[in-house]
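Colleague: I'll drop the sequence and a predicted model, then ask my questions.
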Amino acid sequence: MMARAALSRLMILIISLTILCIVISPAIAEHYVMEIGSKSNPNAHLFSYDQKFRESTNLHNYPMKMSASKEFTDATRLSTQMRLLALPNLTEITIDADFIGIGRIGYLVLDPDRANPELWGPKYEVTRINHMFVGNFSIDEQILVAKDHMCENGYLPCA
């Protein structure tokens, strides 16, 4: 028991002396001022960085049992404009994009008469479209999905 108490006191003394040495010892540090400037200043440091842009949109039109998405990632140049219209019988998506990077555009339409959220799967798909673009692209895409005699109702041009 005495040996344990002595050992404990010795450990406390060692820790206290270590902390005291750290606090008392003078701090040695080099002060360095970094100059930020241009190429004409030889002492200035120039910074370069890589900036990437990202943008994404998801649309779910539950009455029509359809979804659409667009996503741009790792883009060094990105300019997009998008128009969405979602009605119970009509979905229209217009995407204009000019980018360098990775672009994904897609949509999924399920059979509205058979589609049950618990049973969604490939056998209920009416249409699935996925586009992937890698590189330098300009996209002008319009996706139009309609149901229930939209030509006869005047929403779509009839052929």
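Modeller: Right, received. Where do you want to start? Residues are numbered from 1 along each chain as shown.

Colleague: the helix or strand encompassing residue 79 pairs with which strands, parallel or anti?
Modeller: Per DSSP states H and E, residue 79 falls inside strand 66-87. Sheet pairing of strand 66-87 (DSSP bridges) gives strand 53-61 (antiparallel), strand 90-110 (antiparallel).

Colleague: with mean neighbour count added, can I get those strands in a markdown table?
Modeller: Just so you know, the C-beta spots here come from the backbone N, C-alpha and C atoms, and that holds for glycine as well. Converted to a markdown table, these look like this (neighbours: other CB atoms under 10 Å):
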| stretch | mean neighbour count |
| --- | --- |
| strand 53-61 | 14 |
| strand 90-110 | 19 |
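
Colleague: okay if I get the ones you listed as JSON lines plus mean pLDDT and distance to residue 82?
Modeller: Output for the strands paired with strand 66-87, formatted as JSON lines (pLDDT from 0 to 100; distance: least, CB to CB, whole Å):
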{"stretch": "strand 53-61", "mean pLDDT": "91", "distance to residue 82": "6"}
{"stretch": "strand 90-110", "mean pLDDT": "91", "distance to residue 82": "5"}
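
Colleague: reformat the ones you listed as TSV; add distance to residue 11.
Modeller: Listed next are these as TSV, based on distance: least, CB to CB, whole Å:
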stretch	distance to residue 11
strand 53-61	54
strand 90-110	59
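
Colleague: what's the strand holding residue 79 in contact with?
Modeller: The contact list for strand 66-87, computed with CB atoms under 8 Å, 6 or more residues apart in numbering, reads 51-61, 91-110, 143, 145.

Colleague: hang on, the earlier thing: what's the closest of the strands paired with strand 66-87 to residue 9?
Modeller: Across those, residue 9 has its closest neighbour in strand 53-61 (60.1 Å, CB to CB).

Colleague: and the closest one, C-alpha only, in CSV?
Modeller: Written as CSV, here are the backbone C-alpha positions of strand 53-61 (Å, rounded to 0.1, in the frame of the first residue of the first chain):
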residue,chain,number,x,y,z
PHE,A,53,-18.9,23.9,-59.8
ARG,A,54,-21.9,21.6,-59.0
GLU,A,55,-25.6,21.9,-59.6
SER,A,56,-28.4,19.5,-59.3
THR,A,57,-32.2,19.5,-59.5
ASN,A,58,-34.7,16.7,-58.9
LEU,A,59,-38.4,16.8,-59.8
HIS,A,60,-41.1,14.3,-58.7
ASN,A,61,-44.6,14.6,-60.3
